[in-house]
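> Everything below, folded, please.
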Amino acid sequence: MNVVQEMLMEEGYSSPKDLVRDISLMLALQKIEQYKSECELFEKKYAMALKEFDKALHKEKGIEDFEKEEDLADWEFVAKALNWWQKKVKELQSDQAL
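This is a model prediction of the structure:
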């Protein structure tokens, strides 16, 4: 048994694959918290959900608010990233990842 295998066994891992899955899961959970926090900032700033904000912003024809348009683009990106990472957590938890 080599040093790496011995260390993994000592920490309760039967293989390097299990360790990689756990590290990936921790990374994904960290990303989820980051993107949730960013979404919440936008929700507090505009006192509404993303879909409502998008609808309200595009309801005003001929009026451009560059700050709000930029916030919308950022918010959409954050929401998509949050969704992507949430899917990855489900995959990791169901052993589909490795």
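> drop to CA atoms for contacts and neighbour counts, all remaining ones
OK.
> List the contacts of residue 79.
Residues near residue 79 by C-alpha atoms under 8 Å, 6 or more residues apart in numbering: 35, 39.
> Please renumber the chain so that the first residue is 291 from this point on.
Got it, the first residue is 291 from now on, which makes the last one we talked about residue 369.
> how much space between it and residue 330?
10 Å (C-alpha to C-alpha, to the nearest Å).
> Name the surrounding residues that touch the helix or strand bottoming out on mean pLDDT in the chain.
Taking mean pLDDT, DSSP states H and E as the measure, the chain has helix 293-300 as its least confident helix or strand, at a mean of 89. By C-alpha under 8 Å, 6+ apart, the surrounding residues in contact with helix 293-300 are 304, 305, 306, 309.
> Show me which of those are buried.
Among those, none is buried by neighbour count (16 or more other C-alpha atoms under 10 Å).
> returning to that earlier point: which positions within the next helix or strand after the least confident helix or strand of the chain qualify as buried?
Per DSSP states H and E, the first helix or strand lying C-terminal to helix 293-300 is helix 306-336. Residues of helix 306-336 classed as buried: 311, 314, 315, 318, 319, 321, 322, 325, 326, 328, 329, 332 (neighbour count, 16+ other C-alpha under 10 Å).
> Next: stretch 294-303.
residue 303.
> Now do the closest residue to residue 303 other than its chain neighbours, the pLDDT please.
Excluding the flanking residues, the one nearest residue 303 by C-alpha to C-alpha, 6 or more residues apart in numbering is residue 309, at 6.3 Å. Note for residue 309: predicted pLDDT of 90.
> quick one: residue 309 from residue 296, how far?
On the measure of C-alpha to C-alpha, residue 309 and residue 296 end up 13 Å apart.
> Stretch 297-312: end-to-end distance?
15 Å.
> from the chain's centre, how far out does the helix or strand that residue 347 is a member of sit?
For residue 347, the host element (DSSP H and E) is helix 340-349. In terms of C-alpha atoms, centre = their mean, to the nearest Å, the centre of helix 340-349 is found 22 Å from the chain centre.
> tell me the mean pLDDT for the helix or strand just after it?
As assigned by DSSP H and E, the chain's next helix or strand after helix 340-349 is helix 356-383. Mean pLDDT, helix 356-383: 96.
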